[in-house]
Every structure is written in structure tokens, then in C-alpha cells.
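K.L.:
missing the sequence, but the structure's below:
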């Protein structure tokens, strides 16, 4: 907590102004899904915010409470209502299916509400790519900022509309973008991802049945997962082979990344590049002696990154991991909220 | 395999006769559920049987294969068809929902087919109890034999219709009936059961979602589970408090049973009573030094039973465990099949 | 957070005085075990405390960091040193083996340090019982307060020495003591407990090997677990049959409690008694419609309690669950710390 | 079971001769480890073999039984004794640490006993490689046959000494060797392996503690695992980047293999090559529509292989999986035994 490198992320004048005007009124849409409930948990304890509205994904969803959060948040989740949401909120988090988000986000922005969208509806900037991978979505009237906090702090600070990265791209890009910037990546990249089952969402299916998952591992979306074009977009078009797997745990993603660096590159150089990129990032932890493991990041907003380089051949193996519901979803959204509002980037996220 | 106590269960003359007339033609209805697939697996390797028909639960189910059983059983599961099932089979195993079983079982018996029913439709002999706990069922025209193999071998041998016990009652009754017979049980009994998730069936639901079960334990059916009256029936009306729990594993049940024995009863007496009851039972293993654990019985037809007695007070704790899909369902059904047909009780069950 | 029932636990004058004099200096001994690390995590974020010393269990343990807690607590765990610990600390938490705690706790109290002990060394007040179950311990020169916070707030407030309850007794006693006080318990009680593997401690053994635990459930300590006399002591000598089990999850305990209430007792009465006892307890959540599950309390300081009564017979089944490392260990210790120091009982515990 | 492609593996004349001379006397050394116990289980039910000796890993190990195998195998495991082992056995399976195996295997071969070694002591043919990765081993006086059954049936048939492949190489080589033979592999290969914890062996350690593994995934041996040179050896020196991971399940390995095929290669060609290679292999199952999952191979001797090709770019993703204790260890050893002795390759392995 006393790392001097963190001073840049401290409380700004702007937040001081905001702080005097009372807590920020926050609206949540899609509050009953896994990421939505995590948002409720995080915002309920946020020092500068107040949950002004928590709504389900649709107007026909029943009113309900969240028993697991009793005493942490004792509010009620009500059916979705756009006008009421806009009226109640300074900032809205959307944790909706992408087609719903595609409708709701621009409507809120038009009404002057700041929007942080967790869906995939607005992540792909290329029109053709978006239509291929998210066919039910429409172009946004307002262009959103891509909310990989550590890369886009300045733009997020002034944004009215942020689209949060996917869980897999977050882990991949925090590992790879510093190397790409430093021209240390050669050729294609392979990303082998292992994800807990909460990543498959809350809807019961054969895929998420306990007896299907327990004692098993399965690849899915091989050569056809829509996080692939998102990672490629943020790596300026580099070819990525991405294969996600479901592993029998609840929360967390570990990605093993296979890449090549120029012959002659030293481990020390990699270390310096990564260190320079993330020394002041409060939620990226670089691991040297031991490689990251999911258990060290579960229930936190950290992304842990480690690597091993075979210097003679330039073969590089990186390991990047995070909690898919926190840093891969709700936590990163709150981090963006903090940056947007001028709060300490860590507010509400280090407990 | 050379335990002399097992000799009573050996091949009889009758089986010799049957064996010369070729494999028994077996029909399976409800072959895609968890217990149904286990039946396919067991019967595919049975030395004296042949799967003559494998059908889904209903006439509208699609035709399908079972990929996990490729090379073990390469047959096809076809839609349910009563007439075809009866024609193809000498013996039929029913692994159907109880209302379907309630219709199909008597119809098959009427056509001269021997039936082994795994559902609950016919387990409760008392009309009022049956209607309360299985309201969609009707009285059976032919009274079935209660297929707790170890208790009813003689009756099963001559039966045309066997109703297999529930998974929980099987574990409970193998532990308690010898003591009840020996007048060593005093008063009420508490049974606390822990079951793997496969016990909740194959249909996806919030209850069986991996993220609900992983890292959790939950009681269900407290004071209202329909295996309670079944256990009480087989204990001649003794009051049983039975609470099942779901624990985060796939296959297996462990029951901890709290009972009282008459003051002055010695551990040695209990041992003798249990030993006398089950010495010749090939699938009941009595544990003395270590208590049973699920991992020792998973994927087997064994029921392991152990106990600890507080001699000064007569408080008795028994632990009984089995694989709910094998000894608690498909395996016990095959064991009954073996007894019915005069085969070695262990045929196809000891691999 | 706005539950009026909680107002009694609010910030007192005393805490206001303390708060002005800077954070309380806290010492931790045994900071590398499971409960010890949880204490570090909780105290690192405590609003009114500062970790002044974090020590291992023995003087020969190596100096080390806790990588999982990077950025949350960046301190160093040093070898145990009694004098240094006493000098640095206003209050010390002991998370040591009971024989070590038995030595260290009185020595610290003698030096004027307030002590919160998580071990079993001082839980049993009866000399003979203590010697039987904790043979390596000695009588305490200062009699400690039994730190079941919800029962003993007044005594804890003035205590110099608190002995925290065991994890199993905490769950059992929060469920049973209100009924015992109201004379609603008849006869003996059976407690069937299911615990995650972290309850078995950090030392690797065959018992804690993943392959032993995965897919299995096992009873242990049957009729011989030392938490039994502790529960019986706090229930004024009532006979308790207690059987703990290991279930394949990491954190959490669920206890199913079988008891009898006087015939004629109504569910409504039970509800009123429980409500009256715990309405103002911030960490006890009474469940009516749904029974408690471990997943709702994991990683929290809550103890969730629910029940079902068979009114005609007076048979009562209660379900009580908590996180063994939080409410069952470190969290309850911090709760006692808060009460001792006059802080809001929830300080640092509701994140 | 009636797949005509399997006819080539049927009972030969030689086995007929052997069969008439009574069961083969089998010795097992290292029978208490995970693979050793699996060998006991498999050989206890083998139709043409008899366990003549089952020994622990060392002369100082205590005599013991295997409670989980009661009624399946009721023999006793005795301390290791080379002379007694040689005298009792026609064929010996060694499931020993590699340095012990390095001593024992040649000694047994010299005494005329046929040896099937499961350790790594003799897998690497290159002297320098062997000394680097298995420094405690010595050159073998008799050169063993590499026991990847599907590749080396003819040599195994006549072998006196077989060294079984590692679990990871088995899955990798069954996927890759047909493509390498058909000149369909271009450049380097990446193998990302996910293994259950039983792969880490039976000795308790922090690494195998349940609380370390549950809810986590961790890479290990990155760029330094000794199965890498074994895979490279069998791929004629092709460069392989191999990273194994521990995932929270007990039994099974899933490998995701990233390779390149020549531009213009069609999915159909791959299918034909794989089909031609393995159509008559009873334990390799090629998956087309769905990719392999661990749950379909656990507790079996199958290796399931599937793949997806991006035809425009030649990027190939293969998925290969098996049970590390069966096809990756004990099962493959028994398969080699069957080939050596002229039995049906499937004997004892299809239950």
C-alpha cells in the first residue's frame, strides 16, 4: 500500500470535488447474473458510490433479493426499466446479454448517463468483424473507449461510454501488449486458456451440469471463439490461435501463452519491459520466481503474470491469470468507474 | 475370490441349464439417464447376457449412440416401444421416471417378460404411503419383490417382478437390518446422508449447476424425502429421521447413522451380528479398523459398512457407503438379475 | 447496513477516544498457517489497526513473505520472538499449536499485552477434561473469557485474555444456545458436521492429499473429537454425539443438528426465540424459506442458521454453517478484537 | 466388440498354446503407488494371468493389504525381494522410482524374466539425454523396446524387456506420429497438457495438498519437463514446447496440441491419415463431431483424439486425452503384456 509507484493513481482534485457532492449514484442492469452479483457486492462496499438502482435483465423478470448478500446489500432487484434507470443513475453498469446491451447502452448515453458496458456488443471496432461475431448488434452512435484500464486510463477518464474487455482478452493483453509495444513479439501467438465454470454463465445446461464438469476438462470454441478477434484487434492484427477449456473449478482463468521473441533477447530485457509497463499498475502483479496460479487471484482484482524464456531459441511461455468475475468482469468495470470519476483506482477493490 | 464364505452364491444347476441355451436377451428402457448408461456399461460386459434392446424413456426421444461407451457397447438407443421391447427381451430393466415405470412394468409382466424396475413406483407397499409419496402411480397387478438382494435372495430367485430399493435405503438397510433382526436397536434412528450430484439426475437445473455445487454443501428434502417411508417400511415402522445432503462430488453416498443399542451391548456382539448377516454376501464389506470412505466404493458394487459404539451409553454411530449408480441402482439391479437367472451373483459385477 | 437492530453494536465513545490515539498495534503469531494468513488478510484492511509484528510459529522458522497477499499486505513474517512481540503490540492474536499457545499466552498477559488465542489450549475449563483432550497444556494463571462473541460481549469488552471457540463449536452453539436458554431442548443432541479440507490444517499428509479427498467423503474422530467436550461444556453438560466429516471442498463447515423439543412446540416459537437471540447480532443470519448452504457463507464472517421442525413429534433438524477460517477462526477473533477495543463489531469484516 | 477392424488383434495360435499351459505368473514391484495399485486391479481380473508376487518398492516397506481392493484382490503386498520376485514370475511389471528400476530391470532380464518397466529409466535412448534428465540411471545391458503399443506391436511381441512411455508422451505421440509419418507436420509443435493430481504421485506435499489444488490451476516444469525429450525423440528430433499443468481432478490428462500442416491440406486428408493409422487399434478412438473430454476416458484404457484444422492457414489444433493411470501407465503396460504373450490385446482391459 506504500509502493511509491502507485502515487500516480492517487486521488485527484476532480475526485475531491465529486466527493464533496455526495456519493455517485450508480445503476446496475443485469444484477442477477454471476458478474452482476459481483458488481452488487463490489459497489455495496464502494466508499464513494451508492447503488441507486439494481435491475434484472428484462422488464419481465421478477423482483427479488440476493440472499447470499444479506447484510452486505439489502436492496431489491427490480424488473428492467430504462427510464427509471436513467433517472436514478449518474453512471450505469450494464451486465446484459449483448443484444440487450446493444440497445440499452446508446439510449442511456443519449440521455446523458455515463455507461460502463460489460457485454461484447461494442468491443469489436471493425464493422464486419462485429457483425460476424455479434450478429444481433448495431453500430454505436457514440464510439466507446475500450476499457482495458491499464492501457487506456487517459481516454477512460474522459469517456462517457466504456466497453469492458472480455475476460480472456484481459488476461492475454496484459501479458502481451507490453511486448508488442516493445517490438519483442515475432510471428503468431498461441493462447491456451483454462477457465472455471462460472465463465459459462448462470443458465443451467448439459455443459454446466456438475456431473459433466467434475473430473473432466474439455476444450470448446476451438478456432471459433469470439474473443479471438478481440485479442487480434488489440494486437494490431497479429494472428492468434486461441483455445479455451473448461476446468473443474468455479472462478478463475489461467492462460498459457506461447510466443516467439527475437533471437538474442534476454530474460532481463523481458523483465524490464514488463516492469516498465506495469510498475504503476495497482492490479498487475509480475511474478518472477514462481509462476502465477489461479488460487492467488481468485476473489481479487489482480492479474498475475509470469514467464519463462528459452534464450537460445527465443521460445517464450507466459502465464497470465485472473478471476474471470472480478478483473475479468465486475472488478475491471469498477476500476474503470474509479478512473472515470477521478477516484483512487483501487477504491473498493482491495478488500 | 477364494473366500469360502462366497460358495453359497456360486453357479447353480439352473444357471448351467440356462447357460447352455445361449445368452439371456435383455431389454433396457431409459438407457440414457445416469443409471441407464451404467446399466448399458454393466450388461455390455455381462458374460451370460446380451443387450437385445436399448430404448430411451419415451417414444419421442431421438435415436442416439453413447460416445463414452464406444468399443464397449456400440449399439443404438432407439425410441421407446413397448411391444418391440417385450418381443426382444427375456428380462427388462426399467430405468424410467416413476409414472412411466408404473405403466410399463405391469404391461411387461402381463406379456410374460420378467421385469427389474429401478424406479420408486412400486417400493412402498402401503397404499396410502404410495399415493402420498408417488401420487402418479397405480397399484401393481402383480406384487413385486423388494430387491434388496442380500435380504431377499430366495424371493428374488422366483420373482417375475422385482422393485429395486432406492439408493439411500440400500445403504441404510444393509447397515441397520441385521441389528433390527437381532433386537439390538432401541428407539428412533437418525440417518445423515451425503450424496454426490449424480444422485440429483441428469436434467440441468440451478441445483445441479457446477457453480452452485462446487465448494458447497446443502441439505435438501429435510423431513420430507420419500426414501424415509421406504426405510421405515423395511425397519417395520421404526421412526427414522433422514436428511440427505448434496456434496461436491459426482458418484457416491455416505450415510452416517445414529442409533442406540441396549445398555451393556458390547462392540464384539455388534461385530458378530454383522458378520453373521453378511459374511456370505459378496458385495457387503465390513470395516473394522478404518471407517468406510466413498473413494473405496466408487465405480464398484460394494457397500462398505463400519461402526463405533460408545459402550457405556449405548450410543452407536454407523457409516455405510456405496456408489449410488452401481450398488444404489444399476449394479444392484444386475445383482438381482443374476439371482433371478441363477447365475453367480457376482457375474459382470467384479471387474 | 441500515438494519435498525444493528444500532446497539455501533461505534461507542470509547472507540472514539481510541480512534483519536492512532491505530491499535497488533501482533500476530503463527501467521503462515491457514487461519494465520486469514488474520493477516483481515487485519491488513482493518480501519483502526496496524500489523506491528507478524511472526511464524517458532523461533527457527525462516523469514518469508506471503505472495498471495502482495499489494494487500507487503510485510514480512519473521521468526517467533516473545519479547519483540510483546514490545511491538497492544493486542496479540495467537494462531499457534496448542502447546505453544499454552506457554505464550500467559507470558504475554503477564507483560500487559491483551491476548486473543485461537488455539484449543484454554477452551476447556474443567481441569480433567483439559488434560484429557489437550494433554500438553497447563492451567492458565489468568482465566480467559470464552470468545463466542454473540454470547459474551460484555465479558469480552473488559477481557485481557480471550480464548476463541473451535470452528465446530461456533456453528453448533450459535444454533443451540438460544434453544437451551429457552428450555426448548429435550435430551441428547446429535451433530453431524461436514468440513472443507482446510480444517485439517496446512501440513501435507495422506489425509489431505488431493487424490484422497477428491470424489470422497470420510468421517473422522468418531466419538472422540475434542470439540465434543467443548460443545457439551457450553451446553451445561448436555450429552452431544458429534461426528465430523471431510468433504471435498476447501473452506466451510455445515452442521446438521438433530434435537428434540417439547411436544407441542410450534415452529413459530422457535422462530421467535432465535430471532430474539440474534436479531442484533450482525454476523448471524437466520434463514427461513431456504436452508443455509456453505457457498453463501464462504469467505465471510457470517454464520447462517435454518431449521425444520416436525411439530407432531418434536423432532427438530437445524442447519448451521460458516467459513471455518473466518467465523470459525480469524474472523471471530477480529470480531472479539473489535468488541474488546470498543470498535464497531463489524469493522474490517463486512467487505 | 464386433468392429471388423479389430480382427487383426485377435487371439493368435501362440496364445492358444500359452493358454493351455495355465495362467502366466506375473510379478509386480511397486504395488502400493497409484500406478501399482491400478496394475493390481487390472491383473487381478486378467483372464490369462495370475498375480504370483506383489511387492512394495523397497525391502524395508511393511507388509500390507489394499483395502479398496478387498474381494477383487485379497493378496498381500510384501517387502521387495529380487530373488523371490524372479523365482515367482514369468513376467514382471516394475512400477518403481527410476533409480530402483534402473537396477532391478536388467537384473531380472539377466535371470530370464520378461520385464515391463513403467519408469522413465530406460525411455531415452540418447546417452547424454538420459544422463541429463535421469541422472541416477545407468545404460541398460539389454536394449528395451519402447512400449507405445500401437506403434511397436511387432517388436513388443518378441521383446524380453519393454520400457513403457510416459503418460504425457503417450497422448502426444498417438496424436502426432501418424501426421509425422505422412509428412503432414511443418515446424515446431506446442503441447499444452492438463493433468489430474494423481499424476503428481502419492507422496504428500504442499503441491498435492487438497487446499492448494482445489479451485486452482498451475503450470509446472515449464520448458524443463523430462517428457519433452521423450516426445522429441519419438518425433525424430522435432522441436516441442511442452507445458504441463495441474488441474483439480484426480485422474486424466488432456493435451491440446498446436501444430502446422502444409498449406492446402484438407481436413479430409487428416481424417484419412488418422483413420488409416488407428482403425485397427482397439484403444484409440478418433472423434469427429465432438472433441475428446477427460470424463469419457477416465478409468479406461482408451486414448481419444480429435482435431480442428483452419484450412486457409494450415493451423491445426489436436486434442488427445487418456487416463494417466490406465492408458498412461498400468493399462498400457497390460496392453504390452498382452501383445508380448500373444493374447488378445484387449484382454482384461475392456471391462
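P.N.:
Nice, I can see it. Since the model is a prediction, treat every value here as computed from it, not as a measurement.

K.L.:
can you give the domain ranges for chain A?
P.N.:
Domains of chain A are assigned by automatic domain parsing as A:4-165+A:329-341, A:168-324.

K.L.:
between those domains, which gets nearest to residue D:313?
P.N.:
Nearest of these to residue D:313, taken as Cβ to Cβ: domain A:168-324 at 7.4 Å. For the C-beta atoms, the positions are set from N, CA and C on the backbone; glycine is no exception.

K.L.:
touching chain C at all, the closest one?
P.N.:
Yes - under the criterion of Cβ under 8 Å from any Cβ of the partner chain, chain C is reached by domain A:168-324 at A:214-215, A:282-283, A:285, A:287, A:290, A:295-296, A:299, A:302.

K.L.:
for chain D, what's the nearest residue on the stretch 51-200 of chain A?
P.N.:
Closest residue of the stretch 51-200 of chain A to chain D, Cβ to the nearest Cβ: residue A:192 (4.0 Å).

K.L.:
and the strand or helix carrying that residue, does that touch chain B?
P.N.:
Using DSSP states H and E, residue A:192 maps to strand A:186-195. No - applying Cβ under 8 Å from any Cβ, one finds strand A:186-195 out of contact with chain B, separated by at least 11.8 Å.

K.L.:
show residues contacting that strand.
P.N.:
With Cβ atoms under 8 Å, 6 or more residues apart in numbering or on different chains as the test, strand A:186-195 has contacts from A:167-168, A:171-172, A:176, A:217, A:231, A:235, A:238-247, A:252-262, A:314, A:324, D:190, D:192, D:194, D:217, D:245, D:247, D:256, D:258.

K.L.:
which of the residues you listed fall in strands?
P.N.:
A:240-246, A:253-260, D:190, D:192, D:194, D:245, D:256, D:258 (DSSP state E).

K.L.:
most tightly packed of the domains of chain A?
P.N.:
Of those, the one with the most neighbours on average (mean count of other Cβ atoms under 10 Å in any protein chain shown) is domain A:168-324, at a mean of 21.

K.L.:
so which residues on the stretch 101-250 of chain A come close to chain B?
P.N.:
Of all the residues in the stretch 101-250 of chain A, those lying near chain B are A:197-198, A:202, A:204-206, A:208-215, A:248-250, going by Cβ under 8 Å from any Cβ.

K.L.:
circling back to that earlier point, okay, the domains of chain A in JSON lines with distance to residue C:94 and mean pLDDT next?
P.N.:
Listed next are the domains of chain A as JSON lines, based on distance: least, Cβ to Cβ, whole Å; pLDDT from 0 to 100:
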{"stretch": "domain A:4-165+A:329-341", "distance to residue C:94": "29", "mean pLDDT": "90"}
{"stretch": "domain A:168-324", "distance to residue C:94": "26", "mean pLDDT": "97"}
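
K.L.:
which residue is the nearest non-sequential neighbour of whichever residue of the stretch 1-150 of chain A sits closest to chain C?
P.N.:
Closest to chain C within the stretch 1-150 of chain A is residue A:68: 4.3 Å, counting by Cβ to the nearest Cβ. Closest residue to residue A:68 apart from its sequence neighbours, by Cβ to Cβ, 6 or more residues apart in numbering or on different chains: residue C:296 at 4.3 Å.

K.L.:
run through the residues that contact that neighbour.
P.N.:
Residues counted as contacts of residue C:296 (Cβ under 8 Å, 6+ apart) are A:67-68, C:302, C:304, C:321.

K.L.:
residue A:180 touches residue A:235, doesn't it?
P.N.:
Yes - the pair residue A:180 and residue A:235 passes the contact test of Cβ atoms under 8 Å, sitting 5.6 Å apart.
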